[in-house]
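J.: Let's see this in three dimensions:
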Amino acid sequence: MNKEKRIITPRLVIIMLLTVVVMPMLPLLVSRQWNWVEAWIYAAICIPGFVLSRVLAARRNPGLLAERARFGGQDDAKSWDRKITFLLTLGSLTIHLVPGLDRLKGWSAGFSMPWAVTGFILVVAGYFLGSYAMVANSYFSGMVRIQNDRDHRVVSSGPYRLVSHPK
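T.: A predicted model of the protein is given here:
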């Protein structure tokens, strides 16, 4: 079986479980307050949002999920990108960890309902924009690299039509 076909590995399954399930549930797991409605709503947006974005991307760009599944395993990824990716991963962990600790320790009074609704709308909008970009860009890799193995081209459709590319 070639590399392109064998994308489901134990490493990938663990990363997907952590990314898709554990991260959105982290505020609940840390706080242990299972009646925290906003945290459940957040997880209910993130988990299907992630899955739906990948299903839509796979339908439009079948090779994209294989490329993304190789996350961190690309030999031609830039060293600076590996460092940035590590920092972004830590940042994402922190973003999900702090609300759970805040709820557990009572550091803040929380948000009013209008602010919570605004936050949920922004999260949904972020998933829409990210999904739109992923569907429009068949080279939407997790690492910065010229994908010569995938006949990389500049993308100028979808949200990318608003971005000026160097010539």
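J.: Can you pull out the low-pLDDT segments for the chain?
T.: Where the chain drops to pLDDT under 70, the residues are 1-8, 68-77, 142-149, 164-167.
J.: same thing but 80
T.: For the chain, the stretches with pLDDT under 80 are 1-9, 11-12, 61-82, 85, 137-158, 160-161, 163-167.
J.: Only C-alpha atoms, please: export the helix or strand in which residue 114 is found in PDB.
T.: Using DSSP states H and E, the element containing residue 114 is helix 113-136. Taking C-alpha atoms only, helix 113-136 is exported to PDB below (Å, rounded to 0.1, in the frame of the first residue of the first chain):
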ATOM      1  CA  MET A 113     -25.600  36.200  27.600                       C
ATOM      2  CA  PRO A 114     -25.200  38.700  24.700                       C
ATOM      3  CA  TRP A 115     -21.400  38.300  24.900                       C
ATOM      4  CA  ALA A 116     -21.700  34.500  25.000                       C
ATOM      5  CA  VAL A 117     -24.000  34.500  22.000                       C
ATOM      6  CA  THR A 118     -21.600  36.900  20.200                       C
ATOM      7  CA  GLY A 119     -18.700  34.600  21.000                       C
ATOM      8  CA  PHE A 120     -20.600  31.500  19.600                       C
ATOM      9  CA  ILE A 121     -21.500  33.400  16.500                       C
ATOM     10  CA  LEU A 122     -17.800  34.300  16.000                       C
ATOM     11  CA  VAL A 123     -16.700  30.700  16.500                       C
ATOM     12  CA  VAL A 124     -19.300  29.500  13.900                       C
ATOM     13  CA  ALA A 125     -18.200  32.200  11.500                       C
ATOM     14  CA  GLY A 126     -14.600  31.100  12.000                       C
ATOM     15  CA  TYR A 127     -15.500  27.600  11.100                       C
ATOM     16  CA  PHE A 128     -17.300  28.800   8.000                       C
ATOM     17  CA  LEU A 129     -14.400  30.900   6.800                       C
ATOM     18  CA  GLY A 130     -11.800  28.100   7.500                       C
ATOM     19  CA  SER A 131     -14.000  25.500   5.800                       C
ATOM     20  CA  TYR A 132     -14.500  27.900   2.800                       C
ATOM     21  CA  ALA A 133     -10.700  28.400   2.500                       C
ATOM     22  CA  MET A 134     -10.000  24.600   2.800                       C
ATOM     23  CA  VAL A 135     -12.600  23.800   0.200                       C
ATOM     24  CA  ALA A 136     -11.200  26.500  -2.200                       C
END
